[in-house]
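# Kindly return the folded structure for what I paste below:
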Amino acid sequence: MKWQRKKLGNLIQLNYGKSLPERSRINGEIPVYGSGGIGGYHNEPLVKGAGIIVGRKGTVGSVYYEKRDFFPIDTVYYVSKLDEETDLKFIYYLLKTLSLEKLNTHAAVPGLNRDNALALDVYIPDSKTQTKIASILSAYDDLIENNTRRIAILEEMARRIYEEWFVRFRFPGHEQVKMVESELGLIPEGWEIKRLEDVLSALESGSRPKGGIDANEREVPSIGAENINGLGNYDYSKDKFISREFFENMNRGVVKSGDVLLYKDGAYIGRKAMFQNDYPHKECAINEHVFILRSGEIPPNYLYFWLDTKEMTAKIKGLNSNAAQPGINQAGVKSLPIMVPNKDVLFDFDERIQPLISLLFNLAKKKALLRKTRDLLLPKLISGEVDVSHFPEPENV
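Purely as a prediction, here's the structure:
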C-alpha cells in the first residue's frame, strides 16, 4: 500500500463561511455551524450535501463532519465537493489528526491561518484505501451516535414518568387521593414540602491543589463545571487530574454513585448532572466550582428530576448572591423547597425508573469506550501504521 506525500492545499480548499446573525435566521431544519459546532438552525443552506467544518475563530481548529445540507458562519472554514480520487470522510479524519489548533496566529483574537494550514504536508493512500479507513472509523462514529440517541430517549422516558407522577399528579392511585394547599400550590394529601437541608445527607464542594492543576498529572480525575451537563453527557477531553495523595487527603468533594452535581458559579449556574454505576469514572472528585448533593431519605433519581424542572432551575439561578461574579452558596441551596411524596409512591417511582437510568449509564459507558477505541485507532489508521488491505470492501463502494 503506497502512500503519497502532498500539501493539504493540493487536496482541499478552505472556504470562508458567511455571516448569519441570530436575528437573521429563519427557523428551519438546516444546521448552522460555528467553531463550537451546531449553534442553531436556518431554513436555507449555504452548502448543499456533505461537508467538513473547520473552526477559524473561537474554537480554533475544531473539525466537524455534516452529511446534510448546512450553513457555515463566518467563524469557520468549510470543505466540500472533492475530486473523485479523494474521500471526503477520510479528509475529515485526516484533519482531526493535524492539531490545527496549534496554527493559531492571532494572540488577541484566536484565528486559524488558512495559508499555514494548506501548506501542511500530509500522506494519503489510494482512493480505495481512503474509503476503507473512513468506513472503519465511521462505523465507530455510527455506534457512538446510536448510543447518544438511545441515551436521549431513555432520559426522555424517565422524565415523562416523573412529570406524569409529580407534575400532573397522575401517579398510581391518584384518583383516591385528595389535593390540598401548600406553599407550592396544590399537592396530594400526605405529601410534604421540605427544604433540601432536610433531605440531603451531604452538601459539599470540592477543591484542587494550591497553584492549580498540574497539566502532567494523570492520576485521579477532578471534575469541573465544564462537565456538569445532564445525564450521560460527559466530555472526557476536558478531564483534569489531581494526584493520588491529594485525592486521598480530601475530606469533601469525593464523588459517590447516585450523587447529583450542581454547577454553582460562573456562566451556567444551575446546570446539573448525576453520576451512577462508575460513570464517568470509578473514582473521581469535584473542584471548588461544583456542589455535590447527596440524597438521604429520597432517591437520587427523584432529587435530580425535581431540581431539573424549569421552576427549580429558575429558583437555583435566583440564589445568585454575587452580581459581580455569579455564584450560589450552601445556605441558599439548603433553603430550596422540595416536594416529598409519601414513601410508597417514591419507592414505586424509583423501582420503575431505575432500570431506565441504569441502562442509560451503561450505554454512556459503552459510548465512552467506543470513543476511546476510535481515538486510539484514528492516528494509526490515518498514518498507515495499521494495514487495512485485508479488510473487506465497504458495502456502499
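
# remind me which residues of the stretch 101-250 of the chain are low pLDDT?
Residues of the stretch 101-250 of the chain meeting the criterion pLDDT under 70: 106-109.

# So which residues of it form strands?
Ranges of strands within the stretch 101-250 of the chain are 121-124, 179-180, 187-188, 192-195, 200-205, 220-223, 240-242, based on DSSP state E, counting those that start in this stretch.

# and those, which is most packed in?
Most buried of the strands of the stretch 101-250 of the chain, by mean neighbour count (mean count of other Cβ atoms under 10 Å): strand 220-223, with a mean of 23. The way it works is simple: take the backbone N, C-alpha and C, and place the C-beta from them, glycine included.

# What is the distance between it and the centre of its chain?
Remark: strand 220-223 is offset 16 Å from the chain centroid, using Cα atoms, centre = their mean, to the nearest Å.

# Counting by contacts, list what that strand packs against.
Secondary-structure packing of strand 220-223 (3 or more Cβ pairs under 8 Å, 6 or more residues apart in numbering; DSSP states H and E): strand 240-242, helix 244-248, strand 285-286.

# CA-only coordinates of it in PDB, if you can.
Taking C-alpha atoms only, strand 220-223 is exported to PDB below (Å, rounded to 0.1, in the frame of the first residue of the first chain):
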ATOM      1  CA  VAL A 220      -7.400  10.900  39.700                       C
ATOM      2  CA  PRO A 221     -10.000  12.900  37.600                       C
ATOM      3  CA  SER A 222     -11.100  16.200  39.100                       C
ATOM      4  CA  ILE A 223     -14.400  17.200  37.600                       C
END
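
# Contacts for that strand next, please.
206, 208, 213, 239-244, 246-247, 255, 261, 280-281, 283-287, 290 (Cβ atoms under 8 Å, 6 or more residues apart in numbering).

# which residues touch residue 276?
257-258, 300, 357-358, 361.

# Try it again at 6 Å.
257-258, 361 (Cβ atoms under 6 Å, 6 or more residues apart in numbering).

# who wins for most neighbours among those residues?
Compared across those, residue 361 has the highest neighbour count, 21 neighbours, by other Cβ atoms under 10 Å.

# these two touch, right, it and residue 275?
No: assessed by Cβ atoms under 6 Å, residue 361 is found out of contact with residue 275, at 8.1 Å.

# intersection of neighbour lists for the two?
By Cβ under 6 Å, 6+ apart, no residue touches both residue 361 and residue 275.

# which residue ranges form the helices in this structure?
Along the chain, counting by DSSP state H, helices occupy 88-96, 114-118, 127-166, 196-199, 244-248, 300-307, 310-317, 330-334, 343-383.

# most centrally placed residue in this protein?
In the chain, the residue lying closest to the centroid (Cα atoms, centre = their mean) is residue 233, at 4.1 Å.

# Need the phi and psi values for that one.
Dihedral pair for residue 233: phi -120, psi 90, per degrees, to the nearest 10.

# how much space between the nearest residue to residue 131 once chain neighbours are set aside and residue 228?
Spatial nearest neighbour of residue 131, chain neighbours left out: residue 87 (5.0 Å); criterion: Cβ to Cβ, 6 or more residues apart in numbering. Distance check for residue 87 against residue 228: by Cβ to Cβ, to the nearest Å, it reads 38 Å.

# Please indicate which of the contacts of strand 220-223 are buried?
206, 208, 239-242, 246-247, 255, 261, 280-281, 284-287, 290 (16 or more other Cβ atoms under 10 Å).

# measure residue 222 to residue 212 for me?
11 Å.

# residues shared between the contacts of those two?
With Cβ under 6 Å, 6+ apart, residue 222 and residue 212 have no common neighbours.

# Next, count neighbours for residue 139.
Neighbours of residue 139 under the rule other Cβ under 10 Å: 13.

# Counting neighbours, what do you get for the residue nearest to residue 336 when sequence neighbours are not counted?
In space, residue 336 comes closest to residue 196 once its chain neighbours are excluded; the distance is 4.8 Å by Cβ to Cβ, 6+ apart. Residues near residue 196, counting by other Cβ under 10 Å, number 21.

# Pretty sure residue 196 sits against residue 335.
No: applying Cβ under 6 Å as the test, residue 196 and residue 335 come out as separate, 7.4 Å apart.

# if we can go back for a sec, contacts only, for the residue nearest to residue 336.
Contacts of residue 196 by Cβ under 6 Å, 6+ apart are 334, 336, 338.

# hmm, try it at 8 Å
Residue 196 neighbours (Cβ under 8 Å, 6+ apart): 203, 293, 333-338.

# repeat for residue 316
Contacts of residue 316 by Cβ under 8 Å, 6+ apart are 262, 269-270, 307, 328, 333, 336.

# follow-up on the earlier one: distance-wise, check the residue nearest to the centre of the chain relative to residue 368.
For residue 233 relative to residue 368 (Cβ to Cβ), the value is 11 Å.

# now swap in residue 95 and tell me
If you go by Cβ to Cβ, the gap between residue 95 and residue 368 works out to 23 Å.

# Neighbour count for those two, which is higher?
Ranked by neighbour count (other Cβ under 10 Å), residue 95 and residue 368 place residue 95 first, with 24 against 18.

# Quick check: the more buried one touching residue 51?
No: counting by Cβ atoms under 8 Å, residue 95 sits too far from residue 51 to count as a contact (12.0 Å).

# just to revisit the earlier point, in strands, which of the contacts of residue 316 appear?
Counting by DSSP state E, the part of the contacts of residue 316 found in strands is residue 262.

# Using CSV, please lay out the contacts of residue 316 together with pLDDT.
Listed next are the contacts of residue 316 as CSV, based on pLDDT from 0 to 100:
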residue, pLDDT
262, 96
269, 89
270, 90
307, 97
328, 91
333, 95
336, 97
